[in-house]
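Asks: the following comprises the amino acid sequence and a computationally predicted model.
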Amino acid sequence: MLNGKKIVIVLPAYNAALTLERTYREIPMDIVDEVVLVDDNSKDDTVKVAQQLGIRHIIKHEANKGYGGNQKSCYKKALDLGADIVIMLHPDYQYTPMLIAAMSSVIANGLYQVVMASRILGNGALKGGMPVYKYICNRFLTLFENIMLWEKLSEYHTGYRAFSGEVLRSVDLTYNSNDFVFDNEMISQIFMNGYEIAEITCPTKYFEEASSINFKRSMKYGIGVLRVSFTYRLHKLGLLKSKLYAKKM
């Protein structure tokens, strides 16, 4: 715990057997209360490795539900465990677990309710090996989103995020995509609910074992991001009613 806040780390996993142990070993267990791993029907030994590491809360999807579907299971379990702070950490070792304490501290001290680890602040992205085309697309999409959402983030596309339990209970993830655009839909919901998002500089690593979507999936994701941005702005203007922004019952 930190300042009396229960911290739960969620690991949305898919074929992470080769990197899970490295990721898990760097989690600061002196402040983390629980670790949840959701395996999205991996084809490797992810679940076996998780069991060997002693991870107590393991959920295995019997069918692949996608990246968004995996996160839905992650957050539901974390809230069921009574989490005050939930941090999503990819088990592919692309993001360093060493930022968990800093991200948790921001929320535990009541400064912000959401923290995202940005690869773009500083020179972390290209320095860590992000492909140039992904970097350019990241910058374009982020600029477009900042204009459409009237916000000012350095990056909307990081997979390393921390949320207060309050935020997770306030957003309805039912109608969110089960694909990668889930992340952007969730950010737009957070802003729609009036929360602010803090950012912290994060180094990143691109290597063979780290998960990464291909060019075709990246294009699909980009189109989805544009759709979310337009939907958000039209909803804000009262020209469209989207289920994404309906009040949670």
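Replies: Everything's here; your move.
Asks: quick one: low-confidence ranges for the chain?
Replies: Across the chain, the ranges flagged by pLDDT under 70 are 124, 207-213, 249.
Asks: which helix of it spans the most residues?
Replies: The single longest helix within the chain, with elements called by DSSP state H, is helix 215-236.
Asks: which helices and strands does that one pack with?
Replies: helix 132-149, helix 182-192 (3 or more CB pairs under 8 Å, 6 or more residues apart in numbering; DSSP states H and E). Bear in mind the C-beta positions are built from the backbone N, C-alpha and C, glycine included.
Asks: counting contacts, what elements does the shortest one pack onto?
Replies: Counting contacts by 3+ CB pairs under 8 Å, 6+ apart, the secondary-structure elements packed against helix 182-192 are helix 66-80, helix 132-149, strand 197-201, helix 215-236.
Asks: so which of these is nearest Met116?
Replies: Evaluated over these, closeness to Met116 peaks at strand 197-201, with 5.4 Å, by CB to CB.
Asks: circling back to that earlier point, for the longest helix of the chain, which positions count as buried?
Replies: Within helix 215-236, the residues scored as buried using 16 or more other CB atoms under 10 Å are Ser218, Tyr221, Gly222, Gly224, Val225, Val228, Ser229, Thr231, Tyr232, Arg233, His235, Lys236.
Asks: quick check, central residue of the protein?
Replies: Gly159 (4.1 Å; CA atoms, centre = their mean).
Asks: closest to Thr174 out of the helices and strands packed on helix 215-236?
Replies: Proximity to Thr174 (CB to CB) singles out helix 182-192 among the helices and strands packed on helix 215-236, at 11.1 Å.
Asks: isn't Ser105 up against Leu2?
Replies: Yes. Taking contacts as CB atoms under 8 Å, Ser105 lies within contact range of Leu2: 6.4 Å.
Asks: comparing those two, which shows the higher neighbour count?
Replies: Leu2 (20 against 17; other CB atoms under 10 Å).
Asks: the more buried one - nearest residue in space that isn't next to it in sequence?
Replies: Distances taken as CB to CB, 6 or more residues apart in numbering put Ala108 closest to Leu2, at 4.2 Å, once the chain neighbours are dropped.
Asks: dump the helices and strands packed on helix 182-192 into a markdown table; add distance to Ile31 as well.
Replies: Listed next are the helices and strands packed on helix 182-192 as a markdown table, based on distance: least, CB to CB, whole Å:
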| stretch | distance to Ile31 |
| --- | --- |
| helix 66-80 | 15 |
| helix 132-149 | 31 |
| strand 197-201 | 16 |
| helix 215-236 | 33 |
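Asks: so which helix or strand takes in the nearest residue to the residue nearest to the centre of the chain once chain neighbours are set aside?
Replies: Counting by CB to CB, 6+ apart, Gly159 lies nearest to His90, which is 5.0 Å off, once chain neighbours are set aside. His90 belongs to no helix or strand when elements are defined using DSSP states H and E.
Asks: okay, now His90: neighbour count?
Replies: Neighbours of His90 using other CB under 10 Å come to 20.
Asks: distance-wise, check it relative to Thr231.
Replies: 26 Å (CB to CB, to the nearest Å).
Asks: who are the contact partners of Arg169?
Replies: Listed by CB atoms under 8 Å, 6 or more residues apart in numbering, the contact set of Arg169 reads Leu79, Lys248.
Asks: tell me the phi and psi of the closest residue to Met192 other than its chain neighbours?
Replies: Spatial nearest neighbour of Met192, excluding adjacent residues (CB to CB, 6+ apart): Tyr245 at 4.9 Å. Main-chain dihedrals, Tyr245, degrees, to the nearest 10: phi -110, psi 20.
Asks: could you do Gly159 as well?
Replies: The phi/psi pair for Gly159 (degrees, to the nearest 10) is phi -100, psi 10.
Asks: next one: His57
Replies: phi -110, psi 100.
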